[in-house]
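J.: the following comprises the amino acid sequence and a computationally predicted model.
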Amino acid sequence: MHIAVVVLNYNGRDLLKTYLPSIVKYSGEADVWVIDNDSTDDSVEVLKSYFPQVKCVVNPKNTGYAGGYNQGLQTICADVYVLINSDVRVTEGWLHPITRAFAADPKLGAAQPIILDDKKNSHYEYAGAAGGFIDRFGYPFCRGRVFDELEAINPEYNHDIDCFWASGACLAVRAEAFHKLGGFYEAYFAHMEEIDLCWRLQSHGYAIRCLTKSKVYHLGGGTLTYQNPRKVYLNFRNNLIMLGRQLPHRDRIRVVFFRMVLDGISAIRFLLTGKWGFFSSIVKAHVDYYRHLGAIKRYRQNRTAAEWRALNGRYHRSIVWDYFVRGKKRFTDIINAG
């Protein structure tokens, strides 16, 4: 099985020098690629000088995570792409469980390793942790991370599971399925594109899995920090777009309305606490969601409510209610009590 480990880079020369050595060292027979997203720093020169064994594709324009990968992967031939952020440190043997899993199961569409925090190695990292889930109202959360609550490493999570989504921080995806479904939805630019892709993969009969014998460490916020208003805008906007694209009709009307109300409450809270940038980000996200309605309507797949409810990793209750009202902060508390 031919594996290509592919790093997307934008103005990340220092991250490449810090994190790419572990990828080169521990990726065995896999090809290692960097897709440069039209960087304005000397990233490409750094690659040529320090990593001559790494293959490079240079995109003519920065089109974000989604467009950057879609463009670059057109020229990379492999059975499985392992898409990995430029701020991820891998460990010895990390690729073996991924290779074995895809070779053994032709219906495995996407997978992730356990993702730990490179700043605090004893804890899971925000972007993916030990496998991604989604609640009935479209809120994503993880085994090991609920909202901003990061759990310490938990032996209960050391078994592979089929989940709803695998993290874009380190996303292994079957190349044939990726291209068949059109890759990432480029209008997202960044954030939620991996959840949207995994939703589509599941709807077409593929499994999404967390492979716990593989482990990596993610710095997080390497391109946009978690408290950046631009990141808030993309998360709120893209989540609404994703729900509009993927949910069956009756669920879509109810869930999007509910999310609009909760987003409005969040915006008011940010306003009252003086976080003007976050407030304006949510307002702009909602305006741009309405501007996107034409594209959403053209895409809609008319999936049934039964199909939506049958997907792996879908939590049938509200994570917002569990976390903020019931005081359930850990994944095990929520799932076991649900």
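T.: Perfect, thanks for sending it.
J.: can you give me the offset of stretch 261-275 from its chain's centre?
T.: Centroid displacement of stretch 261-275 relative to its chain, using C-alpha atoms, centre = their mean, to the nearest Å, is 25 Å.
J.: next up, the contacts around residue 115.
T.: Going by C-beta atoms under 8 Å, 6 or more residues apart in numbering, residue 115 touches 88, 124-125, 127-130, 167, 169-170, 216-218. Backbone N, C-alpha and C define where each C-beta goes, glycine included.
J.: among those, which two are most distant?
T.: Farthest-apart pair in the contacts of residue 115 is 88 and 130; separation 15.5 Å (C-beta to C-beta).
J.: other residues contacting stretch 258-278?
T.: With C-beta under 8 Å, 6+ apart, stretch 258-278 has contacts from 137-138, 229, 232, 236, 239-240, 243, 279, 282-283, 285-286, 320.
J.: give me the buried entries from those.
T.: By neighbour count, with 16 or more other C-beta atoms under 10 Å, those hold 137-138, 229, 232, 236, 239-240, 243, 279, 282-283, 285-286 as buried.
J.: residue 48: which of these is nearest?
T.: Closest to residue 48 out of those is residue 229 (35.3 Å), distances taken as C-beta to C-beta.
J.: got the contact list for the closest one?
T.: 277, 278, 280, 281.
J.: that older thread, closest one of the contacts of residue 115 to residue 208?
T.: For the contacts of residue 115, the nearest to residue 208 is residue 167 (10.6 Å; C-beta to C-beta).
J.: need the contact list for that closest one.
T.: Going by C-beta under 8 Å, 6+ apart, residue 167 touches 112, 115, 127, 128, 129, 132, 142, 194.
J.: who wins on neighbours among these?
T.: Neighbour counts for the contacts of residue 167 (other C-beta atoms under 10 Å) peak at residue 112, which has 33 neighbours.
J.: which secondary structure element is home to it?
T.: strand 108-117 (DSSP states H and E).
J.: buried set for that strand?
T.: Residues 108, 109, 110, 111, 112, 113, 114, 115, 116, 117 are the ones in strand 108-117 that count as buried (16+ other C-beta under 10 Å).
J.: could you do stretch 68-79 as well?
T.: Quick answer for stretch 68-79 (16+ other C-beta under 10 Å): 68, 69, 70, 71, 72, 73, 76, 78.
J.: can you check stretch 323-337 too?
T.: So for stretch 323-337, counting by 16+ other C-beta under 10 Å, buried means 323, 328, 330, 331, 334.
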